[in-house]
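In: no FASTA, just this:
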Ligand code: AQP
């Protein structure tokens, strides 16, 4: 049976890339009739240092972001990872399946560990194994993510295949990444070669879902561009990363193709296009921001929704974990 799983780390604030690359897709898939599980991956977040109070706040804020963006706890299972122990238990099995050489090739580890790899946590290194566990402990078949998660999803497939092969079973499904839409890789507003990220030290590099309308407009107005007007068609964007990024953001927010954006805005200067983009961004994001802050006033209700989702997730995960233990030969 098809099943959708995805997650986001509760670090800092949700940014536009997370929204267009992930959350908006989650909402689309929720309404597709397939069972959907959307997780707040708090255990992933602590692979780098998190202040405990900030982590708790960010977990509730991300839940509010999910709900405000249109995820519905009646249609999707919404929960935080720490509440479902099967994730960490399955991850241990995968620590014993995945090879050091596979993890050594992960570009996210290289980026996040930086120069001083010796000082990175072992959790950061094993991060993709926990991600594989998140997905496979539900036998999820589809995983909506942004472009940057492609390599981790390939590793998830490798783990599933190696497990099935080593134990001579057809137990884990081979998961499909769902990387769709015009904005699968939203770039920094300050640097068209870097992805927009929650943890970029420059707040001007990203649009946060907590930003007010003036802040959004100012960030777009100040976004780095080249001096030329927009080209007449999409082909002209190939060598212009900053221009391409703003057009992709427009297409993602408006839910239209890049060609459709170019049909309307091709040839315009940035002093014409940026205000149009800012207006669109404010129109689409402000209602979400407003709803998030309303939801954040009732943390008990958020906690109740997450606990209820976790109980439902646990029911799916437990028998799959038990069967995996049995396959391995562990007495349960
Ligand atoms: N710039 C992006 N464009 C499109 N999709 C993106 N995603 C992240 N950045 C972009 C997608 O958002 C989901 C959740 O990401 P995450 O929180 O698990 O970790 P991340 O990819 O590391 O996100 P950030 O914002 O860069 O966080 P930090 O700075 O904390 O590491 C994933 O589906 C991801 O593809």
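Out: That came in fine, so what should we check first? Keep in mind the model is a prediction, meaning the values are calculated, not measured. Numbers count the residues shown, from 1 in each chain.

In: In the stretch 201-332 of the chain, what residue lies closest to the ligand?
Out: residue 206 (7.9 Å; C-beta to the nearest ligand atom). Backbone N, C-alpha and C define where each C-beta goes, glycine included.

In: Burial check on that residue, number of neighbours?
Out: 26 (other C-beta atoms under 10 Å).

In: Next: residue 47.
Out: A count of nearby residues for residue 47, using other C-beta under 10 Å, gives 20.

In: Then residue 137?
Out: When neighbours are counted by other C-beta under 10 Å, residue 137 registers 26.

In: What of residue 217?
Out: For residue 217, using other C-beta under 10 Å, the count is 18.

In: what's the answer for residue 319, then?
Out: 10.

In: residues of the helix or strand harbouring it that come out buried?
Out: Residue 319 belongs to helix 299-328 when assigned by DSSP states H and E. Neighbour-count burial for helix 299-328, counted by 16 or more other C-beta atoms under 10 Å, picks out 299, 302, 305-306, 309-310, 312-314, 316-317, 320-321, 324, 327.

In: Over to stretch 56-63?
Out: Applying 16+ other C-beta under 10 Å to stretch 56-63 flags 58, 59, 60, 61, 62, 63 as buried.

In: from those, which is closest to residue 201?
Out: Using C-beta to C-beta, residue 58 is the member of the buried residues of stretch 56-63 that sits closest to residue 201, with 17.2 Å.

In: these two touch, right, the closest one and residue 12?
Out: Yes: counting by C-beta atoms under 8 Å, residue 58 touches residue 12, with 6.7 Å between them.

In: near the ligand, which residues of the protein?
Out: 8-9, 11, 15, 17-18, 21-22, 145-146, 148-149, 184-186, 195-199 (C-beta under 6 Å from any ligand atom).

In: Out of those, list just those in strands.
Out: Judged by DSSP state E, strands contain the following of the residues of the chain next to the ligand: residue 8.

In: Just the buried ones among the residues of the chain next to the ligand, please.
Out: Looks like the residues of the chain next to the ligand have 8-9, 11, 15, 17-18, 21-22, 145-146, 148-149, 184-186, 195-198 buried, using 16+ other C-beta under 10 Å.

In: Ignoring the adjacent residues along the chain, who's closest to the closest residue to the ligand within the stretch 101-250 of the chain?
Out: Among all residues of the stretch 101-250 of the chain, residue 146 sits closest to the ligand, at 2.3 Å; criterion: C-beta to the nearest ligand atom. Leaving out its chain neighbours, the residue that sits closest to residue 146 by C-beta to C-beta, 6 or more residues apart in numbering is residue 21, at 3.1 Å.
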